[in-house]
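Participant: give me a model of this one.
(chains A, B, C and D)
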Number of protein chains: 4
Amino acid sequence: MSHQHQDLFENRKQFQLERLILFSDAVFAIAITLLVIEIKVPELHEPVGNALKEALSHKFPEFFGFVLSFAVIGQFWVQHHRLFGYVNNYDNKLLWLNLHMLFWTVLVPFSSSLNSRYGNMDTVWMWYRSRICMIALAMYFLWRYIGHPKRTLTLMAEDPLLT
Amino acid sequence: MSHQHQDLFENRKQFQLERLILFSDAVFAIAITLLVIEIKVPELHEPVGNALKEALSHKFPEFFGFVLSFAVIGQFWVQHHRLFGYVNNYDNKLLWLNLHMLFWTVLVPFSSSLNSRYGNMDTVWMWYRSRICMIALAMYFLWRYIGHPKRTLTLMAEDPLLT
Amino acid sequence: MSHQHQDLFENRKQFQLERLILFSDAVFAIAITLLVIEIKVPELHEPVGNALKEALSHKFPEFFGFVLSFAVIGQFWVQHHRLFGYVNNYDNKLLWLNLHMLFWTVLVPFSSSLNSRYGNMDTVWMWYRSRICMIALAMYFLWRYIGHPKRTLTLMAEDPLLT
Amino acid sequence: MSHQHQDLFENRKQFQLERLILFSDAVFAIAITLLVIEIKVPELHEPVGNALKEALSHKFPEFFGFVLSFAVIGQFWVQHHRLFGYVNNYDNKLLWLNLHMLFWTVLVPFSSSLNSRYGNMDTVWMWYRSRICMIALAMYFLWRYIGHPKRTLTLMAEDPLLT
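Facilitator: From the prediction side, this is the model:
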């Protein structure tokens, strides 16, 4: 294989990894934006300022749920951003572990709207928290898989000073 | 044409290909996230824990349909990811074959919600399976077009040892 | 300015252009996927196979509208892909001309659902066609702006053999 | 650390920054496209051309709100595009400041649909304008953080002629 050919392969591999990351970002971005769809504009019987103010204040749990879920997804995105800053390679299992993490992320808008609707019930909070825990767990699987010294997925793994 | 100019053209061509791939990824990402929109928060007459648990357990077919469709789209994304790892060039027909594949992918959220609503009916399963088959078929067209030795769309095609 | 610094500036400029393109792609991708949201799962009084088949066959205009709008947006995406293959630079006016084109593209899902609902009415076809014409017109403005020999937005403009 | 290794780290850092930018773009793109979802196809009692024309003309405030919000988000995107053209590095606080800005952007579709529904009420305009101001404020925080001479986030900060 010529040297230039090797370069092409190397660039392609890098792009394949970047594709994995940008696909995850797209899913994060859509999940975080869909949260706002769940907040419906209130229906007013008579369109007066006070009625609207009251209707909006009744929506406070929904807004709170929106802020909370936005922070949760945002925080996982930051974590994913940091994690993949170390990654320099990919394999098939990494793709699926990442999809597994995205699966739980995609469920957040549903859990969030359940939460803002019936937030006073214990069952809902348990459901909501267990969903968040699943993302955290999936993220942990990613960390463990990526950080494993036997695999050469990271920049550091190549660094003899670090391993 | 100067050497630097040639480089610019080469970079541009690479980016045009990457654009095709990232556009597909965006469509995949939206289709996979829209699946969750179809799961509506249940309406409860009285907001009690047991009523909610029952309502959620009635939603089991919807959750199952969601997991199934997520796995289906995820699997096609992994396949698309692998396939385009070999691609090194593009032409107009490739753009349209790819759009054709995306067309059937975009239909999945509709088929999925049909499935979770009337999943006990034979007609629906037939519809659902035929839609999935269409994605698989479109993906096969892509493989065949890309892998054809006459065209120089892949890295391997340039490799004299492989063709 | 050092040579390395110059390189950084050049890379940044290229990325700024790629960002413009990928942002457009994201909007195209969302618009093309939102089309399917407009097709609602039919409500059946009794869930029998024949009733569903009939309900789905009543939805034929919606499916036709979906296919049509998918093809329209897909075709504009292919055109945009070809057009920006020549572009090598950007300025503020290009950003706004591009946003103008995206504005009309974003309207397609609404026009499409109007079309599939009241497609037998002349007013609706006129509205639909006029919206498509607006995208075409906006795309033409982009071509004219980018292709203008006075501006140096394209690779070709730099090529003395071509201008 | 070898020279090649250094290059890899440098490329990775650049990609991490690009990822931050493309994630923002995805959120901008979704927020700008969701605006059109808020415009519902009118329900007509009898599908006649005149009834539709009248129904659409009643929707004028919604269209106006759509155009306004599209322009607002578009303008903030152009501003974000210009701002990050200078950025050459990132840190954790930049990620969060950017997420903060995206939070207010994501709220625009809700504010916009509130506006187009009850646009004649003072409360709504106040709400709408205050939301837009929050994006502007968050954008200002980003400018101030990025432009600060103490931090080395920008290309210019490295340029001894400019600082």
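
Participant: what about the closest residue to chain D within chain A, which helix or strand?
Facilitator: Nearest residue of chain A to chain D, counting by C-beta to the nearest C-beta: residue A:29, 3.5 Å away. All C-beta atoms are positioned from the backbone trio N, CA, C, and that covers glycine. Using DSSP states H and E, residue A:29 maps to helix A:3-34.

Participant: output the contacting helices and strands for that helix.
Facilitator: helix A:60-84, helix A:92-106, helix A:108-117, helix B:3-37, helix B:60-85, helix D:3-34, helix D:92-106 (3 or more C-beta pairs under 8 Å, 6 or more residues apart in numbering or on different chains; DSSP states H and E).

Participant: near chain C, which residues of chain A? Just list them.
Facilitator: residue A:26 (C-beta under 8 Å from any C-beta of the partner chain).

Participant: residue numbers of chain A in contact with chain B?
Facilitator: So far as C-beta under 8 Å from any C-beta goes, chain A lies against chain B at A:1, A:5, A:8-9, A:11-13, A:15-16, A:19-20, A:22-23, A:26-27, A:30-31, A:34, A:37, A:92, A:95-96, A:99, A:102-103, A:106-107, A:109-110, A:113-114, A:117-118, A:120-124, A:127.

Participant: just the buried ones from these?
Facilitator: A:8, A:12, A:15-16, A:19-20, A:22-23, A:26-27, A:30-31, A:34, A:95, A:99, A:102-103, A:106-107, A:109-110, A:113-114, A:117-118, A:121, A:123-124, A:127 (16 or more other C-beta atoms under 10 Å in any protein chain shown).

Participant: right, and residue A:53 touches residue D:123 too?
Facilitator: Yes - with contacts counted by C-beta atoms under 8 Å, residue A:53 reaches residue D:123, the gap being 6.0 Å.

Participant: roughly how far is stretch A:71-90 from the heart of the chain?
Facilitator: Remark: stretch A:71-90 is offset 9 Å from the chain centroid, using C-alpha atoms, centre = their mean, to the nearest Å.

Participant: kindly report the same for stretch A:50-63.
Facilitator: For stretch A:50-63, the distance to the chain centre is 29 Å (C-alpha atoms, centre = their mean).

Participant: okay, that stretch in CSV with CA atoms only?
Facilitator: Once non-C-alpha atoms are left out, stretch A:50-63 reads as follows in CSV (Å, rounded to 0.1, in the frame of the first residue of the first chain):
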residue,chain,number,x,y,z
ASN,A,50,-54.7,38.0,34.0
ALA,A,51,-56.1,34.7,32.7
LEU,A,52,-53.0,34.1,30.7
LYS,A,53,-50.7,34.9,33.7
GLU,A,54,-52.6,32.5,35.8
ALA,A,55,-52.6,29.8,33.1
LEU,A,56,-48.8,30.2,32.7
SER,A,57,-48.2,30.1,36.4
HIS,A,58,-50.2,26.8,36.5
LYS,A,59,-47.6,25.6,33.9
PHE,A,60,-44.8,26.1,36.4
PRO,A,61,-44.2,22.4,37.0
GLU,A,62,-43.8,21.9,33.2
PHE,A,63,-41.3,24.7,33.0
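
Participant: pLDDT on that stretch, on average?
Facilitator: The average pLDDT for stretch A:50-63 rounds to 82.

Participant: low-confidence ranges, chain A, go.
Facilitator: A:1-5, A:47, A:155-163 (pLDDT under 70).

Participant: now it against chain B: closest residue?
Facilitator: For chain A, C-beta to the nearest C-beta, closest residue to chain B: residue A:26, 3.5 Å.

Participant: excluding chain neighbours, what is closest to that residue?
Facilitator: residue B:29 (3.5 Å; C-beta to C-beta, 6 or more residues apart in numbering or on different chains).

Participant: for the one you found, what are its contacts?
Facilitator: Residue B:29 sits next to A:23, A:26-27, A:30 when contact means C-beta atoms under 8 Å, 6 or more residues apart in numbering or on different chains.

Participant: how about residue A:77?
Facilitator: Counting by C-beta under 8 Å, 6+ apart, residue A:77 has contacts A:25, A:28, A:32, D:23, D:99.

Participant: go on, residue A:46?
Facilitator: Residue A:46 touches nothing, counting by C-beta under 8 Å, 6+ apart.

Participant: did I read that right, it in a strand?
Facilitator: No - in this structure, residue A:46 is coil, not part of a strand, as judged by DSSP: H, G, I helix; E, B strand; the rest coil.

Participant: what separation is there between it and residue D:96?
Facilitator: Separation of residue A:46 from residue D:96 (C-beta to C-beta, to the nearest Å) stands at 42 Å.

Participant: enumerate the residues of chain A near chain D.
Facilitator: A:14, A:18, A:21-22, A:25-26, A:28-30, A:32-33, A:35-37, A:39, A:41, A:44, A:47-49, A:52-53, A:56, A:67, A:70, A:74, A:77-78, A:81, A:85, A:88, A:155, A:158-159.

Participant: and if we set it to 7 Å?
Facilitator: For chain A, the residues in contact with chain D (C-beta under 7 Å from any C-beta of the partner chain) are A:18, A:21-22, A:25-26, A:28-30, A:32-33, A:36-37, A:39, A:41, A:47, A:49, A:52-53, A:70, A:74, A:77-78, A:81, A:85, A:88, A:155.

Participant: mind checking the end-to-end distance for stretch A:98-114?
Facilitator: By C-alpha to C-alpha, to the nearest Å, the extent of stretch A:98-114 from end to end equals 25 Å.

Participant: list of residues touching it?
Facilitator: With contact meaning C-beta atoms under 7 Å, 6 or more residues apart in numbering or on different chains, stretch A:98-114 is reached by A:20, A:24, A:27-28, A:31, A:34-35, A:38, A:65, A:69, A:72-73, A:76, A:124, A:127-128, A:131, A:134-135, A:138-139, A:142, B:32-33, B:36, B:39, B:41, B:70, B:74.

Participant: repeat that for 8 Å
Facilitator: A:20, A:24, A:27-28, A:31, A:34-35, A:37-38, A:65-66, A:68-69, A:72-73, A:76, A:80, A:124, A:127-128, A:131-132, A:134-135, A:138-139, A:141-142, B:32-33, B:35-37, B:39, B:41, B:67, B:70, B:74, B:77-78.

Participant: burial count for the nearest residue to residue A:123 once chain neighbours are set aside?
Facilitator: Spatial nearest neighbour of residue A:123, chain neighbours left out: residue B:49 (4.5 Å); criterion: C-beta to C-beta, 6+ apart. Residues near residue B:49, counting by other C-beta atoms under 10 Å in any protein chain shown, number 13.

Participant: in chain A, what residue comes closest to chain C?
Facilitator: Counting by C-beta to the nearest C-beta, chain A gets nearest chain C through residue A:26, at 7.6 Å.

Participant: surely that residue and residue D:26 touch.
Facilitator: Yes - using C-beta under 8 Å, residue A:26 is in contact with residue D:26, at 5.4 Å.
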